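Peer 1: sequence first, then the predicted structure:
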Amino acid sequence: MDKETQRWLMSNVDAHGKPKWKPATLDDLSEEEIEGIPDEFIHQFLEDTWHVEPTTKPTEDVQVDTRSRTINIALALGIFLLALLPRLYVLFFVTDPQNPGMGWYGDTFHHWQIAYLSDEIGFSEGFLRLWDFKGMEYFWGLLHPLTLIFFFNITGSVDILIPRLVSIFGGSASLVILFFLLRRHFNSHVALAGLLWAMFNPVAIFSDTIGMQEPIGLVLLLLGLFLWLKHPGWTGLVWAMAGLVRAEYWVFGAGLVVIGVITEKENFRKLAVSLGYAIPILAYMKYMLDNTGNAIYPIYWNFMAGTVGKWIEERPLTAEQVQVQFVARIVLIITVIAILWLLWKRPRYTLLVLLGLGNILMISTILGLGAYIRGYVTRVLFDRLMAVPYMYLGIFFALILFNVALRRHKNQRIWLALGWVVFVLVLGTSQLIWQPIMRTYDNGREIWSHEKILANDIASNYEGGTILIPEDRPFLTYLLVRDHGISGRNLQGQMYDPFAYFEVDDPFAVWDESRQAIERWFVKDDIRLLAFYRGKKVYEEMIRREPWWFSHLATVHNGSVEIYKATVQ
């Protein structure tokens with residue numbers, strides 16, 4: 001027991017060492033009373049079944065700490081395994097382990113492609129040089145591809161199962177931290193209910209299995225909150241690391257640091273969290289500046305793409321989109337009011353709740369005010385980006401049942417039992433969401449089958465050298481690498497062909513000059529096979545002008561892809 005806790009205890013016992021107050025749970029205390037209790041005291045003495053014994057001997061104190069630590073470790077492992085089981089079941093028995101969700105979560109293959117090509121090609125071109133066929137290697141962030149590359153190398157495999165398992169383990173670990181945070185700030189009933197909601201929410205389970213980067217970012221943000229009480233420097237560091245996962249988490253981490261500094265009273269803690277965050281994030285900004293010319297490249301382009309709408313087609317909104325936009329604006333107003341109330345009152349759980357409200361604020365902003373609404377489809381309601389907002393809605397529901405309402409009822413046992421009945425019914429009803437999730441997933445199974453056939457058609461005509469493939473099919477890259485053993489060094493995306501770099505608008509108007517550049521490209525990169533979309537005018541015109549360079553092999557993928565052999569000498 002530290003000296004601060006001892007002093008607090010001594011001020012609350014009489015001359016005979018007996019407590020001046022009745023042993024309590026957090027539910028028995030007002031918010032003002034809780035605010036005055038040292039954090040260490042709450043952890044050790046105010047759990048639901050823990051009674052205060054201020055006269056314990058030092059040796060007994062050590063035994064209690066050891067026993068408590070052992071119980072917490074066992075509890076953490078139990079929660080982790082319990083969260084892991086349904087996610088592994090969905091991965092191996094509900095979905096195809098090789099197909100995270102074609103037509104819905106094809107981005108999983110894109111993240112895989114960036115990690116694989118960076119390891120295969122990029123890192124030999126420069127320090128932590130990311131690589132992609134579509135030019136989006138720096139759009140999301142550095143940490144997720146580095147994590148995948150680490151596991152690619154230690155396992156000797158580049159299977160898509162690796163990102164899917166990384167995301168499952170990250171999601172399960174985040175639930176462990178979430179439970180202890182809820183128990184720290186509220187009570188065991190809120191912690192258990194919040195955990196069960198996050199653990200068995202269909203959107204959360206499915207999202208954790210697809211292999212995207214959000215679970216890694218979430219576990220880092222929650223870990224920072226967990227470390228905040230005793231290790232503000234480490235908090236700043238892990239929040240900075242979360243910023244390396246995706247742009248939104250960069251903003252969330254920075255916001256949490258700012259609010260933490262504003263609400264913190266001790267200057268040392270303010271300095272520690274600030275330096276812990278600023279040093280790695282400034283290094284990351286320098287890295288981004290050197291590689292992209294923009295120190296906040298992921299934030300800038302995520303904002304331009306999703307909110308401003310640079311990558312979203314301009315079109316009128318549908319009736320459903322108008323309704324969703326209206327609801328999102330209402331949610332936005334409510335969220336802003338809730339955030340302002342938190343910043344005014346500054347309860348001890350401010351940062352924990354702000355993380356959830358920040359997520360809700362982001363979603364409601366891009367849907368309510370941004371251009372993202374033009375790309376809205378119904379499946380967004382159970383998309384991975386909704387996993388954290390839904391998790392927090394469950395937590396808020398648990399707070400209403402087991403914290404706010406519980407304090408306002410004299411017969412707490414009856415209300416507690418009733419609260420659990422209501423909670424279990426709502427959680428059970430939420431399982432109906434599996435129907436639209438699986439319906440959407442199943443719609444992509446046929447797309448996945450066609451992609452495998454396309455890869456087979458291309459690979460069957462491969463006789464060495466480099467294959468020129470469409471830049472927007474990372475799943476094709478994956479199948480050629482995994483199923484057919486073609487190295488990433490023997491694949492090239494069409495986005496970076498010479499046609500992208502000609503200074504003239506029409507390279508065919510000066511074909512004698514353009515022809516030489518094309519010829520050098522084919523020879524230098526040893527391009528022997530082309531697979532391109534039917535209707536790609538520059539390639540079709542190139543073949544028309546230089547027919548002796550090419551031999552038509554097949555038209556595949558329902559007539560949409562042409563395969564040519566290149567014999568440029």
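Peer 2: Nice, thanks for sending it over.

Peer 1: do you have the helices of the stretch 151-300 of the chain handy? List them.
Peer 2: Here the stretch 151-300 of the chain has its helices, by DSSP state H, counting those that start in this stretch, at 161-185, 188-200, 202-209, 214-227, 232-243, 247-263, 267-292, 297-302.

Peer 1: indicate which one of those helices is closest to residue 394.
Peer 2: Within the helices of the stretch 151-300 of the chain, the stretch nearest residue 394 is helix 188-200; the backing value is 3.1 Å (Cβ to Cβ). All C-beta atoms are positioned from the backbone trio N, CA, C, and that covers glycine.

Peer 1: same for the closest one, what does it pack against?
Peer 2: With contacts taken as 3 or more Cβ pairs under 8 Å, 6 or more residues apart in numbering; DSSP states H and E, helix 188-200 sits against helix 58-89, helix 161-185, helix 387-399, helix 412-430.

Peer 1: what's in contact with it?
Peer 2: Here helix 188-200 makes contact (Cβ atoms under 8 Å, 6 or more residues apart in numbering) with 47-48, 79, 82-83, 86, 175, 178-180, 182-183, 204, 391, 394-395, 397-399, 401-403, 406, 416, 419-420, 423, 427, 430-431.

Peer 1: could you do stretch 222-229 as well?
Peer 2: 39, 174, 177-178, 180-181, 234-236, 238-239, 242, 253, 256, 260, 273, 351-352, 355.

Peer 1: how far off centre is it?
Peer 2: In this view, stretch 222-229 has its centroid 18 Å away from the chain centroid, taken as Cα atoms, centre = their mean, to the nearest Å.

Peer 1: contact partners for the nearest residue to residue 72 once chain neighbours are set aside?
Peer 2: Closest residue in space to residue 72, ignoring its immediate chain neighbours: residue 180 at 7.5 Å, by Cβ to Cβ, 6 or more residues apart in numbering. Contacts for residue 180 (Cβ under 8 Å, 6+ apart) come out as 72, 76, 191, 226.

Peer 1: can you list phi and psi of the nearest residue to residue 508 once chain neighbours are set aside for me?
Peer 2: Distances taken as Cβ to Cβ, 6+ apart place residue 541 nearest to residue 508, at 5.8 Å, with adjacent residues excluded. Note on residue 541: its backbone torsions stand at phi -70, psi -40 [degrees, to the nearest 10].

Peer 1: try residue 348
Peer 2: Torsion angles, degrees, to the nearest 10, at residue 348: phi -60, psi -20.

Peer 1: give me the number of residues near it?
Peer 2: Neighbour count of residue 348, defined by other Cβ atoms under 10 Å: 17.

Peer 1: again with residue 357
Peer 2: So residue 357, with other Cβ under 10 Å, has 18 neighbours.

Peer 1: distance from the chain centre to whichever strand or helix holds it, please.
Peer 2: Applying DSSP states H and E as the criterion places residue 357 in helix 350-368. Here helix 350-368 is found 15 Å from its chain centre; the criterion is Cα atoms, centre = their mean.

Peer 1: how about stretch 104-117?
Peer 2: Counting by Cα atoms, centre = their mean, stretch 104-117 comes out at 14 Å from the chain centroid.

Peer 1: can you list the buried residues in it?
Peer 2: 104-117 (16 or more other Cβ atoms under 10 Å).

Peer 1: stretch 80-90 now?
Peer 2: Quick answer for stretch 80-90 (16+ other Cβ under 10 Å): 82-84, 86-87, 90.

Peer 1: what about the chain, any weak spots by pLDDT?
Peer 2: Residue ranges of the chain with pLDDT under 70: 1-64, 409-410.

Peer 1: got a list of what the residue nearest the centre of it touches?
Peer 2: Nearest to the mean C-alpha position of the chain, by Cα atoms, centre = their mean, lies residue 214 at 0.6 Å. Residue 214 makes contact with 167, 207, 245-246, 384-385, 387-388, according to Cβ under 8 Å, 6+ apart.

Peer 1: at 7 Å instead, please
Peer 2: Contacts for residue 214 (Cβ atoms under 7 Å, 6 or more residues apart in numbering) come out as residue 384.

Peer 1: for it, give its distance to residue 283.
Peer 2: 23 Å (Cβ to Cβ, to the nearest Å).
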